[in-house]
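Peer 1: Please find the sequence and the predicted model below.
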Amino acid sequence: MTKKNQTTTEQLNNFFIDRNRIRSYHQKIKEGQTLQQQERNNISEIEQRWKNNQLFITSISNYTTELRLYQPQPPPPQPLSPQPPLSIDLSHLDIVKTEELPNIPFTPTPQSIHSFFQSQHIIGEEHNQELLIYAIVSRTNIGIESLPGSGKSALLYAAVNALPPPAYHLIHQATAKSLYNNQNINQSEFWIIPELQKIFTPDIKELLKNLTEGKTAQYTKTNPQHNGITSKTIEKKCIIYTLAITNNQLKQRDDELLRRFLILHTDISREKNKKIAVHFGQQEMQTQENHPQYKLFQQHLAKKLSYPAEIKNPFRQYLNTHLPTHIVSATQFPSQQHYLNNLIKGLTLFQSTTLSPSAPYLFSSLNDNQHLLSIYHPTLIANLYNLSVIDNTFLHLVPEQPTPLNTLKETWYEKYTPALALDDSISKLCAANLIEKTNNTHLSRKINLEITLNTEEAIEHATELMKKNFPKYHDQWYGQCFE
């Protein structure tokens, strides 16, 4: 395997960003718009950047060939004596405002997700924003666990605002019996539980375990006549919760329940808090209006939640056998690779725009797999090794080169909350073989935080599977392999 075939997820992500820019320039000229000089310069820079990767260059060659032939049109001549604007008195007319959305395009991309969350005043958390939407689309159970006040609930409610109201049931206070006795409980597919710690009784825990296993939960009791039993049933749900982490909760984590959820951690840095303060300071004197794309995003998500096609990932087998050893050797990998594939499929479905709802299959692309890996890798590590937000944040602070422990602690206290004790996290990371302590004075990270894959080999392997199992769809899939 030659070095030139090795491509990191970050490099691939950068290529897909460049490719999308090329496609947007191509779309502009197709619509008769004018490319600016800077945009034409960008095209040359992109071609130069990827000229040594034949696979990448080939995938954009159709666009760049036409773009090279593009000649900007001169602006239309201006009238010599422009006429003053016509003045019409409309004061006698009743102007009626309609709720119709303007005829503007909506393109389901990662940026459209970020824009939606920004409209909800979510600062940062770009990776979590995407993972939440892809999890919702793929019906993956999600827990958002982090320190108190770190933006868990804000992130959750922003995601909820993307869902159609009939799809979810919001649970603030409840007992297991009250949920069983709720006559409308089976009308919603999603349970949204802000601050799980407020309702987390043994009965609730067992109920959640059943539902997140994909099973129905049943409660039986003797009927009022004492001559039989009555039964209440709750159908399987997709559950999304938030949980504020404290030292006691970290010691009492239920591993059996945790493995049923994909756990996200919010950013706990001081820098994020500063950005939030600046944002709300700027928002104070601005009007609050929802952009038309806000409604278009909600409509798009509602359509995807009812999409009937089966989604297949031709790259799954290759990924599962070529991911790094520290991933595939982890005890939790069998369940976590399921979440990984669910998220890839969720991304595929969210970004699909052209296929008919009657199409039986939807196939994931190389871009879907690589982009998801690039944003999910830190979360994957945390879930594989049951790392708390403190553990995982500190792991990403430790470099591969041995570094004095005191220096790392000083850096931590500068960037994060000083009250947090790190000794337990350091011991846990060492025991998991993720970091190494030398002479009790230095720490170094033992795993690579970037995933490197052979893209040509991955495409070749996926192509063989498509030809063997789905020959009817191979040509269309291969033509969209980089989409």
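Peer 2: Noted; the coordinates are in hand. These numbers come from a predicted model, not from an experiment.
Peer 1: now the host helix or strand of residue 135: mean pLDDT?
Peer 2: Per DSSP states H and E: residue 135 is located in helix 126-137. If you average the pLDDT over helix 126-137, you get 94.
Peer 1: what's it packed up against?
Peer 2: Using 3 or more C-beta pairs under 8 Å, 6 or more residues apart in numbering; DSSP states H and E, the elements in contact with helix 126-137 are helix 110-119, strand 142-146, helix 152-160, strand 238-244, strand 262-264, helix 292-305, helix 333-351, helix 366-384. Bear in mind the C-beta positions are built from the backbone N, C-alpha and C, glycine included.
Peer 1: and the angle from that helix to strand 238-244?
Peer 2: Counting by axes from the mean of the first three to the mean of the last three C-alpha atoms, to 10 degrees, helix 126-137 points 150 degrees away from the direction of strand 238-244.
Peer 1: Return the set of buried residues in helix 126-137.
Peer 2: Judged by neighbour count using 16 or more other C-beta atoms under 10 Å, the buried positions of helix 126-137 are 126, 127, 128, 129, 130, 131, 132, 133, 134, 135, 136, 137.
Peer 1: centre of the chain versus that helix, how much separation?
Peer 2: Centroid separation between helix 126-137 and its chain, computed with C-alpha atoms, centre = their mean, to the nearest Å, is 3 Å.
Peer 1: same thing with stretch 144-161?
Peer 2: 14 Å.
Peer 1: contacts for it?
Peer 2: For stretch 144-161, contacts defined as C-beta atoms under 8 Å, 6 or more residues apart in numbering pick out 116-117, 120-122, 125, 128-129, 132-133, 136, 168, 170, 192, 194-195, 240-246, 263-268, 272, 276, 298, 388-390, 417.
Peer 1: I'd like to know which of the residues you listed are buried.
Peer 2: Among those, those buried by neighbour count (16+ other C-beta under 10 Å) are 116-117, 120, 122, 125, 128-129, 132-133, 136, 168, 192, 194-195, 240-245, 263-268, 272, 276, 298, 388-390.
Peer 1: all strands in the chain, in order from the N-terminus.
Peer 2: With DSSP state E as the definition, the chain shows strands at residue ranges 6-8, 142-146, 168-170, 190-193, 217-222, 229-234, 238-244, 262-264, 310-312, 361-363, 403-404, 435-438, 442-445, 452-454.
Peer 1: Tell me which of those strands is the most buried.
Peer 2: For the strands of the chain, the stretch with the most neighbours on average is strand 262-264, a mean of 25; neighbours defined as mean count of other C-beta atoms under 10 Å.
Peer 1: Walk me through which strands that strand pairs with, and which way each runs.
Peer 2: Next to strand 262-264 in the sheet, as set by DSSP bridges, lie strand 142-146 (parallel).
Peer 1: angle of the strand it pairs with against helix 333-351?
Peer 2: Between the axis of strand 142-146 and that of helix 333-351 there is an angle of 110 degrees, by the same axes, to 10 degrees.
Peer 1: what angle separates strand 142-146 from helix 366-384?
Peer 2: Our comparison of strand 142-146 with helix 366-384, counting by the same axes, to 10 degrees, yields an angle of 60 degrees.
Peer 1: what are the C-alpha coordinates of strand 142-146, in CSV please?
Peer 2: Coordinates of each C-alpha in strand 142-146 appear next as CSV, following Å, rounded to 0.1, in the frame of the first residue of the first chain:
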residue,chain,number,x,y,z
ILE,A,142,-29.0,9.6,22.2
GLY,A,143,-27.9,10.8,25.5
ILE,A,144,-26.3,14.2,26.0
GLU,A,145,-24.2,14.1,29.1
SER,A,146,-22.0,16.9,30.4
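Peer 1: Need the contact partners of stretch 412-423.
Peer 2: Contacts of stretch 412-423 with the rest of the structure, by C-beta under 8 Å, 6+ apart, involve 147, 268, 269, 270, 271, 390, 393, 394, 397, 409.
Peer 1: now that stretch, how far from the chain's geometric center?
Peer 2: On the basis of C-alpha atoms, centre = their mean, stretch 412-423 is displaced by 27 Å from the centre of the chain it belongs to.
Peer 1: Now do the end-to-end distance for it.
Peer 2: Distance between the two ends of stretch 412-423: 12 Å, counting by C-alpha to C-alpha, to the nearest Å.
Peer 1: Looking at that stretch now, give me its mean pLDDT.
Peer 2: Mean per-residue pLDDT for stretch 412-423: 78.
Peer 1: What separation do you get for residue 343 and residue 323?
Peer 2: With the distance defined as C-beta to C-beta, to the nearest Å, residue 343 ends up 14 Å from residue 323.
Peer 1: With neighbour numbers in mind, choose between these two.
Peer 2: residue 343 (26 against 19; other C-beta atoms under 10 Å).
Peer 1: show me what contacts the closest residue to that one other than its chain neighbours?
Peer 2: Taking C-beta to C-beta, 6 or more residues apart in numbering as the measure, residue 343 lies nearest to residue 134, with 4.7 Å between them; neighbours along the chain are not counted. Residue 134 makes contact with 140, 343, 344, 346, 347, 350, 372 under the criterion C-beta under 8 Å, 6+ apart.
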